[in-house]
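[1] Here is a sequence together with a model predicted from it:
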Amino acid sequence: MVGQWRRFERTADGRTEYREVRQEGIRCLLRWGAVGGSGRAMTVTRDDVADAGRHAARKAREYLRKGFAEVEAGGGGPAEGSVDGSIDPSTDGVAGGPAEARPGAGRGVGSEAGARKGAGAGTPDGAWGGTPDEACGRTPGGAGGGSGAARPELRPVLDVLPGGDAFLPVAGFDGIHRRRRPALDPTAGFHEYLVLRDGGRGAISFNVRAASHDPEAVGAFLGFLDTRRDLPFDGGSHHKLRLTAPVGRFTHALLCSPALGRSHHAFPGIADRVASACPVFDCEIGDADTEVLADARIHGHGAVRRAEWDREPRPVVDLRFDVQPSFHAPARKKFLVCKAEDLRSLLSALPGASVESWLEVRSFRGEVRRFTPRTAPAYEDLLPFLLGAI
C-alpha cells in the first residue's frame, strides 16, 4: 500500500513552512522544512499497516491543529530545496542519517520497530543539485503525473544517481557495476555495488566498507545475486537465504525489498526500484521474522552493520521481561528487539531482583528461554543459544 503525499503549509512573517506525510505499507514518510530552503525527512516504521495509517492521520491532524493548511501535493517529488544526504558510517554508507530505534513505550531498552531519520531528497555527496524531474528519475520535459497524462519514461538508475558515470562494470559479470567512494585514508570509505535489472531501470544495491573489502568474498556474493536479481521485487518484504557457497565467514544472504531496505530513499524517482542485499550470519536475522522485526534488525536498536564484512556475529536478542527493582521499564508484554548490552544488564540485575521478576530471551530460531532470579545464567553461558551453536 503506497499512499499519496499530503502537504500542509503555514505562512508567517513572510516565511512559508511545509509539512508532508505519506504512508507506504507499515511506514510513514515525513518531510518538513521551509519553502525554498533545506528540508529534512524521517521514516517511521509502525507495527502494521493499520497502525501506520493511524499514525499518518494523527500527523495530519497535528499539522492542522498547529495552523497549517492542506494544499495540493507536488506529485511525490523531493522535499523543497536540498536535504542533508551525506554518508554516515552508522548507516552502512547509504544516503541518509543515523539509524534510530523507536522504543515501544518511549523508554527503556529495545525497540518494536525501527525508525530512520534521513534524507528525503539528498545525495551521498551532499545537497541535491539537479532539477526536481531529475531527482524523481523522470526525463526532463516528460509527461506529468496528472489524470490522463502519459506515464513518464523511467530513466536508468545510473542516469539518476549523481556521479553515476563513476560506476564501472565489474569484470566477469553482466550488468553489475561498482564505484569506490574515496577517502583520505585508503582503508576508509565504501565500495558501492549495483546489480542492475530491467534494462538498468532497477537494481539490487549493497555497500562494503573499504577496510573489510575482500574481492574474493564480494565475487562470491555477486555470483549468488546474479541469478536472483528479481527476487527482492516479488512482493515480499525480505528473503533470508542460505548461501550456495560461503562468502567469507557468512552463511546466509538477506535480500530486502526497496521499501524495507531504503538504500536509495534519498532519490524518490528510484527509491522503489532499488532493493538491497547483504551477507549475514544465520543468527542475525530471525527465521520467521515479520517485516517489522526485520526492519528493526537492520535499521533500529543495535542494527546489524551490514557494510562491515569483517564483523563478529550480532545475534538476534529479543527480550520480554519484568525485572524489579531496576532502571528498566516495567513489565514488557511484547518481545523487544534489543542489543547484547541490554541482555547483559538484565542478567546482571536479575539475581538481585524481586522473586516475582522474570526474563524471557528469544533466539533467531524462535526458541524461548525463561529465567528467574534463581536461574539467571551468565551472559557467556547463553551465547551458544543465541548463536545457534546448540
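    Everything's here; your move.
[2] Quote the end-to-end distance of stretch 25-44.
    For stretch 25-44, the separation between the terminal residues is 11 Å (Cα to Cα, to the nearest Å).
[3] mean confidence score for it?
    For stretch 25-44, mean pLDDT is 88.
[4] Ok, stretch 351-358 next?
    Mean predicted lDDT for stretch 351-358 stands at 94.
[5] If we go by neighbour counts, what in it is buried?
    Neighbour-count burial for stretch 351-358 flags Ala353, Ser357, Trp358 (criterion: 16 or more other Cβ atoms under 10 Å). Backbone N, C-alpha and C define where each C-beta goes, glycine included.
[6] so the first one sits right up against Val323, yeah?
    Read it as Ala353. Yes: counting by Cβ atoms under 8 Å, Ala353 touches Val323, with 4.9 Å between them.
[7] Out of the buried residues of stretch 351-358, which comes closest to Gly286?
    Nearest to Gly286, judged by Cβ to Cβ, of these is Trp358 at 21.8 Å.
[8] Break this protein down into its structural domains.
    Per the record, the chain has its domains at 6-116, 152-299, 318-387, by automatic domain parsing.
[9] What's the local residue count around the residue nearest to Leu319 when sequence neighbours are not counted?
    The shortest distance from Leu319 to any non-neighbouring residue, by Cβ to Cβ, 6 or more residues apart in numbering, is to Cys338 (4.8 Å). The number of residues packed near Cys338 is 26, by other Cβ atoms under 10 Å.
[10] pLDDT value on Cys338, please?
    pLDDT, Cys338: 92.
[11] Ok, the one 3 residues further on next?
    The pLDDT attached to Glu341 in the predicted structure is 94.
[12] neighbours around it, how many?
    12.
[13] try Ser38
    15.
[14] same check, this time on Ala12
    Neighbours of Ala12 under the rule other Cβ under 10 Å: 8.
[15] repeat for Gly199
    9.
[16] I'd say it and Pro156 touch.
    Yes: contact between Gly199 and Pro156 holds when scored by Cβ under 8 Å: they sit 7.3 Å apart.
[17] in this structure, which spans are helices?
    49-65, 132-135, 157-160, 215-226, 258-261, 291-299, 340-349, 379-387 (DSSP state H).
[18] Report the buried residues of the longest one.
    Judged by neighbour count using 16+ other Cβ under 10 Å, the buried positions of helix 49-65 are Ala52, Gly53, His55, Ala56, Lys59, Ala60, Tyr63.
[19] so what's the residue nearest to the fourth one when sequence neighbours are not counted bridging to?
    Spelled out, it's Ala56. Distances taken as Cβ to Cβ, 6+ apart put Gln23 closest to Ala56, at 4.5 Å, once the chain neighbours are dropped. Gln23 has these beta-bridge partners by DSSP bridges: Cys28.
[20] Tell me where the model's unsure across the stretch 101-250 of the chain.
    101-152, 183-184, 186 (pLDDT under 70).
[21] quick revisit: out of the helices of the chain, which comes closest to Ile270?
    helix 157-160 (5.1 Å).
[22] by contact count, what packs against that closest one?
    Counting contacts by 3 or more Cβ pairs under 8 Å, 6 or more residues apart in numbering; DSSP states H and E, helix 157-160 packs against strand 190-197.
[23] Partner strands of the strand it packs on and their direction?
    Counting by DSSP bridges, strand 190-197 is paired with strand 176-181 (antiparallel), strand 202-209 (antiparallel).
[24] Just say which of those is most tucked in.
    Highest mean neighbour count among the strands paired with strand 190-197 (mean count of other Cβ atoms under 10 Å): strand 202-209, with a mean of 25.
[25] what angle do that strand and helix 215-226 make?
    Using axes from the mean of the first three to the mean of the last three Cα atoms, to 10 degrees, one finds that strand 202-209 and helix 215-226 are set 160 degrees apart in direction.
[26] re the thing from before, could you dump the strands paired with strand 190-197 into JSON lines with distance to Gly261 added?
    Listed next are the strands paired with strand 190-197 as JSON lines, based on distance: least, Cβ to Cβ, whole Å:
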{"stretch": "strand 176-181", "distance to Gly261": "17"}
{"stretch": "strand 202-209", "distance to Gly261": "8"}
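[27] Which of the ones you listed sits closest to Arg306?
    Shortest distance between Arg306 and those, using Cβ to Cβ, is found for strand 202-209: 7.5 Å.
[28] Show me how far the closest one is from its chain's centre.
    Taking Cα atoms, centre = their mean, to the nearest Å, the mean C-alpha location of strand 202-209 is offset from the chain mean by 13 Å.
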